[in-house]
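A.B. asks: make a model of this:
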Amino acid sequence: MIANVPVLFDVCLCVHARACVLVLVEIYSSAIKRVFVNKIETYPVLVPNRISIIDATNSNISDIISISHHPHQSTSSSSSSSSSSPSTSTSSPRSCWLCCTEERKVAQLLTKINHFKYPALSQDESRISLPLQTIAIAIFDSILVHMMQRVSPGKWHELRTTMCRSLNKNKTPRTLEILRTEYGQNDIIFIQEASSAFVLAASRDDHISAEYHVVSPARMDPKRDQNSLIFLRRRSFKFHSMREITEIVKEELSKNGEKVPVSDGDIFAIRALDNFGRKYILASFHGDTNGLATIPVVSAVDKSVMKMEGRHRLIFGLDANTYERGSRKRQDMNEFVQHYRYLGIRSCWGGRPKANNYTTYNARTYLQPQLNKASKKSEFVEKGDRNPKDFILFYKGDFQEFGTTKDNTGNKKYIEDMVFPTLAFPSDHAVLSTTLAILKDDDRQDDGDDDDE
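C.D. replies: Here you go, the predicted model:
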């Protein structure tokens, strides 16, 4: 089959400590065009390219290129302006905006807790959540300092500093280092829960800025500072052909009549053309803690693809937040698999993913505010987050996967039964790596069930 396939994709998914999700797709082709602002160079050799997803932490504000979707605007309008510079083109549907960093008091960083995103919170508690947070944080911090001074005087602060340096201060640099050294040849990087500081750091990184366009939703969330982004490799995709379809997905999402826990920045979807003229829908999504938004969002993306004119190949990287053992309040993984299979969608895990194929393994100590999630070391397996949460989805008639690997070390290795993040790997989700083959029409699979394991 490979001999009849014009392109291969090597796809990876990685979710970082604050849900940094990275989907990587590598394209191998016999002729790849390298696209610059107003110049095209052709390479008639095998050149590896990739599609990837990565994600990030909290931070400041930066320069961001935003693709705006205009429902009534002809998609062909960009072709006439594709040779003009992005900074001077007026006919492109792309809009650029600049956010300047501002100084704020710590108290101003607190925001109200949304009742719809966290249903356990009553509406009354949501309304007074700002003063409640202030009081709770002060009390809790005092208790922690008092406790650590009693049990580990003179030692705890040095340990805390080391952990904060690795998992907070140096998280963005380490994430970018992993991208550069291990996944630096990817065509697309889907980013979830990214802060604007991560965007700024990526745009200043020599490799990232030279290889990728940093693309963001037209509507970002400046308060939570957790947004889905997509980095598109300059030499693999036609930048001026891109259109954001996030609002189309949200419109489909609203049609079911139920309140789905999705905020601005959680879902980002675009249309794009590669340099061979193939059409894609690329989507990046981070589900809510309980995964209850995952099935509705996948359905909405599927319906949005069906509305597009012409054939579009879907590649959808997501932290689905599914669970090995679901419940009425938590999304069961097998139920999720049954749903996307019904839609004709397949995942990087094959036809029948195993519920014990974990992509997270972390547990909380009692030195953090969510005590309901805390566990002793002996309770890590029982009470920790050890679940199959991450997927790369695609229509089974468009691609065929050739094996998936996991990475929880940052050097393309996975250590079973190891709790992470670690000081060397700042992610609480494993990196997934998959090879996909693009199928031509005569290679496309039938509509029968995928019974393979």
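
A.B. asks: so who does residue 332 touch?
C.D. replies: 322-323, 325-326 (CB atoms under 8 Å, 6 or more residues apart in numbering). Quick note: C-beta positions are derived from backbone N, CA and C, even for glycine.

A.B. asks: 7 Å - rerun?
C.D. replies: Neighbouring residues of residue 332 by CB atoms under 7 Å, 6 or more residues apart in numbering: 322-323, 326.

A.B. asks: give the buried residues for stretch 319-327.
C.D. replies: 319-324, 326 (16 or more other CB atoms under 10 Å).

A.B. asks: report the buried residues of stretch 269-279.
C.D. replies: For stretch 269-279, the neighbour count (16+ other CB under 10 Å) marks 269-275, 278 as buried.

A.B. asks: farthest-apart pair in those, please.
C.D. replies: Maximum pairwise distance in these, criterion CB to CB, is 20.8 Å, between 269 and 275.

A.B. asks: quick one: the strands in the stretch 201-350 of the chain?
C.D. replies: Ranges of strands within the stretch 201-350 of the chain are 212-216, 227-233, 237-244, 267-274, 279-286, 313-319, 345-347, based on DSSP state E, counting those that start in this stretch.

A.B. asks: these: which one's closest to residue 377?
C.D. replies: strand 313-319 (25.8 Å).

A.B. asks: packing partners of that closest one?
C.D. replies: Using 3 or more CB pairs under 7 Å, 6 or more residues apart in numbering; DSSP states H and E, the elements in contact with strand 313-319 are strand 279-286, strand 390-395.

A.B. asks: make JSON lines out of the ones you listed and add mean pLDDT and distance to residue 224.
C.D. replies: Formatted as JSON lines, the helices and strands packed on strand 313-319 follow (pLDDT from 0 to 100; distance: least, CB to CB, whole Å):
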{"stretch": "strand 279-286", "mean pLDDT": "95", "distance to residue 224": "11"}
{"stretch": "strand 390-395", "mean pLDDT": "94", "distance to residue 224": "21"}
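
A.B. asks: now render those as JSON lines, adding distance to residue 309.
C.D. replies: Listed next are these as JSON lines, based on distance: least, CB to CB, whole Å:
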{"stretch": "strand 279-286", "distance to residue 309": "9"}
{"stretch": "strand 390-395", "distance to residue 309": "17"}
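
A.B. asks: tabulate the strands of the stretch 201-350 of the chain in a markdown table, adding columns for distance to residue 428.
C.D. replies: Below are the strands of the stretch 201-350 of the chain laid out as a markdown table (distance: least, CB to CB, whole Å):
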| stretch | distance to residue 428 |
| --- | --- |
| strand 212-216 | 24 |
| strand 227-233 | 17 |
| strand 237-244 | 29 |
| strand 267-274 | 21 |
| strand 279-286 | 12 |
| strand 313-319 | 10 |
| strand 345-347 | 20 |
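
A.B. asks: and of the ones you listed, who's closest to residue 396?
C.D. replies: Comparing those by CB to CB, strand 345-347 comes nearest, at 3.9 Å.

A.B. asks: okay, buried residues for the closest one please.
C.D. replies: Neighbour count says strand 345-347 has 345-347 buried, by 16+ other CB under 10 Å.

A.B. asks: cool, stretch 287-296 as well?
C.D. replies: 287-288, 290-296.

A.B. asks: specify which member of the residues you listed is nearest to residue 399.
C.D. replies: Checking the buried residues of stretch 287-296 one by one against residue 399 (CB to CB), the nearest turns out to be residue 294, at 20.7 Å.

A.B. asks: isn't the closest one right up against residue 335?
C.D. replies: No - checked against CB atoms under 7 Å, the pair residue 294 and residue 335 is beyond contact range at 10.0 Å.

A.B. asks: the helices in the chain, which residues?
C.D. replies: All helices of the chain, identified by DSSP state H, fall at 123-127, 129-151, 156-164, 171-182, 196-204, 206-211, 246-254, 294-307, 333-342, 380-383.

A.B. asks: can I get the ones you listed in TSV with distance to residue 228 and mean pLDDT?
C.D. replies: Formatted as TSV, the helices of the chain follow (distance: least, CB to CB, whole Å; pLDDT from 0 to 100):
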stretch	distance to residue 228	mean pLDDT
helix 123-127	24	89
helix 129-151	25	90
helix 156-164	26	91
helix 171-182	15	90
helix 196-204	11	87
helix 206-211	17	90
helix 246-254	9	95
helix 294-307	11	97
helix 333-342	19	98
helix 380-383	29	86
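
A.B. asks: with distance to residue 424 added, can I get the ones you listed in TSV?
C.D. replies: Listed next are those as TSV, based on distance: least, CB to CB, whole Å:
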stretch	distance to residue 424
helix 123-127	38
helix 129-151	25
helix 156-164	12
helix 171-182	8
helix 196-204	19
helix 206-211	20
helix 246-254	35
helix 294-307	30
helix 333-342	28
helix 380-383	19
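
A.B. asks: residue 225: which of the ones you listed is closest?
C.D. replies: Using CB to CB, the nearest of the helices of the chain to residue 225 is helix 196-204, at 6.1 Å.

A.B. asks: how about the closest one: buried residues?
C.D. replies: 196-203.

A.B. asks: again, but for stretch 365-385
C.D. replies: For stretch 365-385, by 16+ other CB under 10 Å, it's 375, 380, 384-385.

A.B. asks: which one of those residues is nearest residue 354?
C.D. replies: Comparing the buried residues of stretch 365-385 against residue 354 with CB to CB places residue 385 closest, at 17.5 Å.

A.B. asks: pLDDT below threshold where in the stretch 301-450 of the chain?
C.D. replies: 441-450 (pLDDT under 70).
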